[in-house]
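Q: Just to be clear, the model below is a prediction. Sequence and coordinates:
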Number of protein chains: 2
Amino acid sequence: MSKKPLHSDPPLVKPLPVAKGGSVAPAPFRVRSKAPAQPLTPFQRESIDLFVGAFSVLSLPRSLGEIYGLLYSSEEPLAFDDLVTRLDLSKGSVSEGLRLLRSLGAVNLVPIEGSRKDHFTAETSLRRLAGGYLRDRIEPYLRGGESRIELLRKVSATDSERNDFQQKRINQLLSWHRFFARVLPVFKALAGKI
Amino acid sequence: MSKKPLHSDPPLVKPLPVAKGGSVAPAPFRVRSKAPAQPLTPFQRESIDLFVGAFSVLSLPRSLGEIYGLLYSSEEPLAFDDLVTRLDLSKGSVSEGLRLLRSLGAVNLVPIEGSRKDHFTAETSLRRLAGGYLRDRIEPYLRGGESRIELLRKVSATDSERNDFQQKRINQLLSWHRFFARVLPVFKALAGKI
DNA sequence: CGACTTGTTCAAAAATAATCGAACAAGATT
DNA sequence: AATCTTGTTCGATTATTTTTGAACAAGTCG
């Protein structure tokens, strides 16, 4: 049945492809396109760990943190395929992960002379990173908020009782809304200074 | 009482206890053995909807949004039991939900004269709300961040190659860290003005 | 064209998170 | 003490999210 996940590792990094010392590999024929995953450097592994944690604070899945972390800690742009093999993720996950990261503006597709593979780099401008996250995950809700509160007001109008309590709440929600609508741009502007 | 339930929702709210009648079966025989849940007012339902959405932006579960939303839209403190019956949640969920909301400082336990039930109200100070969230969900990671970056630096020291690239990254991480460490208190202070 | 590369899509599996609910504890009440 | 009320705990169940993998486009190259 369902086995208890024993790998209750304290480390946040999942097992990743590591250099295997066993050089005694028989190497039958020609190794089928199973590229020997270039192992991660300690710096890369720590970076991945760090970003997996940071992403999880934002409730973003581990695979996104791994992808971003590896790109962040790699000097050269990495090909799609590098991400798959070095992180040991499925192509599906990497494809979906990159799509999302790109939509957030956290990863850039860069053209590499003479290669027809896609190559990617981590976006490192805090302004763009924070801006993308806020734009995609926070602001849509904030915008919807206005009409939500308006709806509350309408509903309250049909409810003769408790009316000034409800009014108080509605006004407070409006004031909260204004607060966030004003603070977000300030935050973005500050992030732009970094 | 009064107020016929207008169910407009293109539903962020899940089905909640509503006055019987509309549906197909006119057989009011099968009544819950428990006390019939006092139905929610439209104002309450809209509020719950709004907070379920807001909480989900923060990746907090629906039940928390429901509990907070109902408390927010109720003038009087509500008993534990009210939450269970009016939101149609299990006692377990309500217990756990209240525990978490209280730990976040979003809900207060208030003593009610002459009742031995626990009663709760929604915290409505933005300073406390935001402060609690940041304190419990963001700051712990931020604090851990310092040692994470330190670890990166150590690891980088053992890695002779690419050293100035890595140094650049580490310095950037430090600068991001400082940024958040400085901006958070400012944000809290601003929230205190609302 | 046909064989290969490169990446996407999406149904299904696996993993994780949320919720339920029965058993239990701690007090009150009789 | 026995019982009732109120709420908590925690394993089991259910729901949701994430990941996988195999099929499939869309190109490229000879």
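A: Cool, the structure landed.

Q: List the residue ranges of chain A that fall below the pLDDT cut-off.
A: A:1-37 (pLDDT under 70).

Q: Look up how far DNA strand D lies from the residue nearest to A:L104 when sequence neighbours are not counted.
A: Among residues not flanking A:L104 along the chain, A:G132 sits closest, at 4.3 Å (C-beta to C-beta, 6 or more residues apart in numbering or on different chains). Using the backbone N, CA and C atoms, a C-beta is placed for each residue, glycine as well. Relative to DNA strand D, A:G132 is positioned 17 Å away (C-beta to the nearest atom of the strand, to the nearest Å).

Q: Return the alpha-carbon coordinates of the helix or strand where A:G132 lies using PDB.
A: Per DSSP states H and E: A:G132 is located in helix A:126-133. C-alpha atoms of helix A:126-133 as PDB (Å, rounded to 0.1, in the frame of the first residue of the first chain):
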ATOM      1  CA  LEU A 126      14.200  42.800  -8.800                       C
ATOM      2  CA  ARG A 127      11.900  45.300 -10.300                       C
ATOM      3  CA  ARG A 128      10.900  42.900 -13.100                       C
ATOM      4  CA  LEU A 129      10.700  39.900 -10.700                       C
ATOM      5  CA  ALA A 130       8.600  41.600  -8.100                       C
ATOM      6  CA  GLY A 131       6.600  43.500 -10.800                       C
ATOM      7  CA  GLY A 132       5.800  40.300 -12.600                       C
ATOM      8  CA  TYR A 133       4.700  38.500  -9.500                       C
END
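
Q: how about the next helix or strand after it: buried residues?
A: Where DSSP H and E defines the elements, the next helix or strand beyond helix A:126-133 is helix A:139-157. Going by neighbour count (16 or more other C-beta atoms under 10 Å in any protein chain shown), the buried part of helix A:139-157 is A:145, A:148-149, A:151-153, A:155-156.

Q: so where do the strands sit in chain A?
A: For chain A, strands defined by DSSP state E occupy the ranges A:78-79, A:107-110, A:119-122.

Q: can you redo those strands as JSON lines with mean neighbour count?
A: Listed next are the strands of chain A as JSON lines, based on neighbours: other C-beta atoms under 10 Å in any protein chain shown:
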{"stretch": "strand A:78-79", "mean neighbour count": "18"}
{"stretch": "strand A:107-110", "mean neighbour count": "16"}
{"stretch": "strand A:119-122", "mean neighbour count": "20"}
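
Q: which stretch among the ones you listed comes nearest B:F187?
A: Among the strands of chain A, the nearest to B:F187 by C-beta to C-beta is strand A:119-122 (25.8 Å).
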